[in-house]
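Chemist: Sequence and predicted structure are below.
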Amino acid sequence: MSTGARKTWLSAGAVLLAALVGLWLWRSGTRSETPAGTPDTTASRDTASAGEGRTPTAPAPVSEEKSLPPEGLLQPGPCALDSLVEEYRQGKASPAYRRYVVEQLRGILEKQPPEQLWAKVEVEQDPEVLEALSALWVTRFNLTGERGVLERVVDKAARESDPRRRAVMVRSLRATGEPASEVLARGESTRHAYRDWVKDAAPEVREAVVGNLRDEAGRNFGRFQGVAEEAVALAREASDPGTAAGLLGASSIEAARTPAVDSVRELFQSAEHAEVRAAAAKALGTVSAEEAERTMRALTGRFATEPAREVRSAILESIARLGLSNAEPVLRKLKGVNGEMDEEIDTWLTLLSSRPQTWNLLLRDKETREHQRRLHPLSQ
């Protein structure tokens with residue numbers, strides 16, 4: 001073999017050897033990069049090829065769908081009404097916090113299904129929580145004007161066996177914008193609601209009636225005609241003297257018409273209990289100017305024959321209120337009629353001599369004098 005041919009074969013052999021070494025190194029590197037536990041696909045292919053002609057089964061695709069959680073884990077959370085009611089229940093120690101919760105309840109009122117709210121009212125047993133819920137319910141009447149809102153309150157009060165909860169249902173009517181006594185009086189199914197409550201055996205229910213009428217009258221400085229006349233009518237219905245007296249003092253009768261004023265005069269003249277006669281006497285001091293003269297005659301005519309001192313004091317107060325400075329001659333004529341009342345007459349005459357501009361100023365001065373007399377009895 002020539003020298004050139006020998007060099008050619010040696011070069012070819014070197015190239016072939018280098019290729020074999022490179023292939024070996026490449027195969028070794030590929031195996032080392034395969035993670036532990038991961039099958040070598042090259043070996044698998046070799047094995048499959050060496051097998052009995054079987055094609056390896058492809059792995060099942062992983063499903064991307066997530067299975068649903070077990071039944072019961074997707075229960076709805078408490079609604080806002082439930083949470084706020086529980087907050088109100090737990091906030092008993094903080095009236096300020098309870099007022100805050102009530103404002104939150106009012107904020108969700110329009111969005112709250114009415115039946116869901118009424119269901120809460122029906123089952124609540126705690127009188128304090130019931131008071132907040134029932135007042136919230138009555139507020140719906142201000143939003144919708146639906147009489148059914150108040151009819152449910154009247155119905156529940158009639159069904160309620162616990163007197164405290166009965167009183168709560170009555171007090172809840174103070175949440176109405178329009179006086180509830182007038183609204184109920186216009187409906188056939190609710191017309192006699194207050195007359196039933198004023199005869200209730202439970203004092204707290206009767207007190208709630210008086211409080212309602214006083215609250216309603218106070219919204220118009222005591223001059224609601226309907227409220228005044230309803231208060232007088234209820235006073236005539238009441239068998240409890242304290243309730244009747246409270247109703248007569250709940251509202252000014254300045255706006256009341258003549259039949260109601262006549263009813264007050266009748267109670268003043270003939271009521272069995274001095275407490276009621278005294279309340280009627282004070283109520284007569286609030287009559288309109290048209291009724292003043294006739295009322296003054298009734299007051300002075302009764303003064304000489306009235307056996308109870310508290311009623312005689314109430315008569316003097318109403319005479320002073322009706323006449324202010326013009327009452328002085330009337331009071332002077334009453335001096336000596338009943339000796340034990342002369343000192344009180346002198347007090348009124350002294351107060352009237354200052355020519356007070358309003359009854360409130362005169363009454364304030366009298367209360368100040370009485371307070372000083374109690375503190376320093378020997379200096380008087």
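Modeler: Received, thanks. Residues are numbered from 1 along each chain as shown.
Chemist: Please pull out the lowest mean pLDDT helix or strand from the chain.
Modeler: Least confident helix or strand, the chain: helix 41-50 with a mean of 43, by mean pLDDT, DSSP states H and E.
Chemist: Can you name the next helix or strand after that helix?
Modeler: Tracing the chain past helix 41-50, the next element assigned as helix or strand by DSSP states H and E is helix 80-90.
Chemist: Pull out the buried residues from that following helix.
Modeler: Using 16 or more other Cβ atoms under 10 Å as the burial criterion, the residues of helix 80-90 that qualify are 81, 84-85, 88. Where you see a C-beta, it was placed from the backbone N, CA and C, and this is true even at glycine.
Chemist: what's it packed up against?
Modeler: helix 95-108, helix 114-123, helix 127-144 (3 or more Cβ pairs under 8 Å, 6 or more residues apart in numbering; DSSP states H and E).
Chemist: hmm, 6 Å instead?
Modeler: Packing partners of helix 80-90 (3 or more Cβ pairs under 6 Å, 6 or more residues apart in numbering; DSSP states H and E): helix 95-108.
Chemist: buried ones in the helix it packs on?
Modeler: 98, 101-102, 105.
Chemist: so which of these would you say is closest to residue 226?
Modeler: The shortest approach to residue 226 among the buried residues of helix 95-108 belongs to residue 102, at 28.5 Å (Cβ to Cβ).
Chemist: quick one: the closest one and residue 91, what's the gap?
Modeler: 10 Å (Cβ to Cβ, to the nearest Å).
Chemist: How about residue 132?
Modeler: Using Cβ to Cβ, residue 132 is found at 10 Å from residue 91.
Chemist: do residue 151 as well
Modeler: Note on residue 151: its distance to residue 91, by Cβ to Cβ, is 31 Å.
Chemist: Could I get the full set of helices for the stretch 251-380 of the chain?
Modeler: Using DSSP state H, counting those that start in this stretch, the helices found in the stretch 251-380 of the chain span residues 258-270, 274-284, 289-303, 309-323, 328-334, 342-353, 359-375.
Chemist: Return the most buried member of those helices.
Modeler: Each of the helices of the stretch 251-380 of the chain was scored by mean neighbour count; the highest is helix 274-284, a mean of 25, by mean count of other Cβ atoms under 10 Å.
Chemist: ok so, going back, save the helices of the stretch 251-380 of the chain as JSON lines, and put in distance to residue 176 too.
Modeler: Output for those, formatted as JSON lines (distance: least, Cβ to Cβ, whole Å):
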{"stretch": "helix 258-270", "distance to residue 176": "22"}
{"stretch": "helix 274-284", "distance to residue 176": "25"}
{"stretch": "helix 289-303", "distance to residue 176": "30"}
{"stretch": "helix 309-323", "distance to residue 176": "31"}
{"stretch": "helix 328-334", "distance to residue 176": "42"}
{"stretch": "helix 342-353", "distance to residue 176": "40"}
{"stretch": "helix 359-375", "distance to residue 176": "28"}
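Chemist: how about TSV for these, with mean pLDDT and distance to residue 166 added?
Modeler: Formatted as TSV, the helices of the stretch 251-380 of the chain follow (pLDDT from 0 to 100; distance: least, Cβ to Cβ, whole Å):
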stretch	mean pLDDT	distance to residue 166
helix 258-270	97	27
helix 274-284	98	24
helix 289-303	96	37
helix 309-323	96	31
helix 328-334	96	45
helix 342-353	94	41
helix 359-375	87	36
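Chemist: which intervals of the stretch 1-150 of the chain have sub-threshold pLDDT?
Modeler: Scanning the stretch 1-150 of the chain for pLDDT under 70 picks out the ranges 1-78.
Chemist: Rebuild the buried residues of helix 80-90 as CSV, extending it with distance to residue 298.
Modeler: Listed next are the buried residues of helix 80-90 as CSV, based on distance: Cβ to Cβ, whole Å:
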residue, distance to residue 298
81, 55
84, 55
85, 53
88, 51
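Chemist: okay but residue 245 is in contact with residue 276, surely?
Modeler: Yes - using Cβ atoms under 6 Å, residue 245 is in contact with residue 276, at 5.3 Å.
Chemist: Give me the common contacts of these two.
Modeler: Common contacts of residue 245 and residue 276 (Cβ atoms under 6 Å, 6 or more residues apart in numbering): none found.
Chemist: tell me which element the residue nearest to residue 127 when sequence neighbours are not counted is part of?
Modeler: Nearest residue to residue 127, sequence neighbours excluded (Cβ to Cβ, 6 or more residues apart in numbering): residue 164, at 4.5 Å. Secondary-structure element containing residue 164, defined by DSSP H and E: helix 163-171.
Chemist: List the contacts of that helix.
Modeler: Helix 163-171 is contacted by residues 127, 130-131, 134, 153, 156-157, 160, 197, 202, 204-205, 208 when judged by Cβ under 6 Å, 6+ apart.
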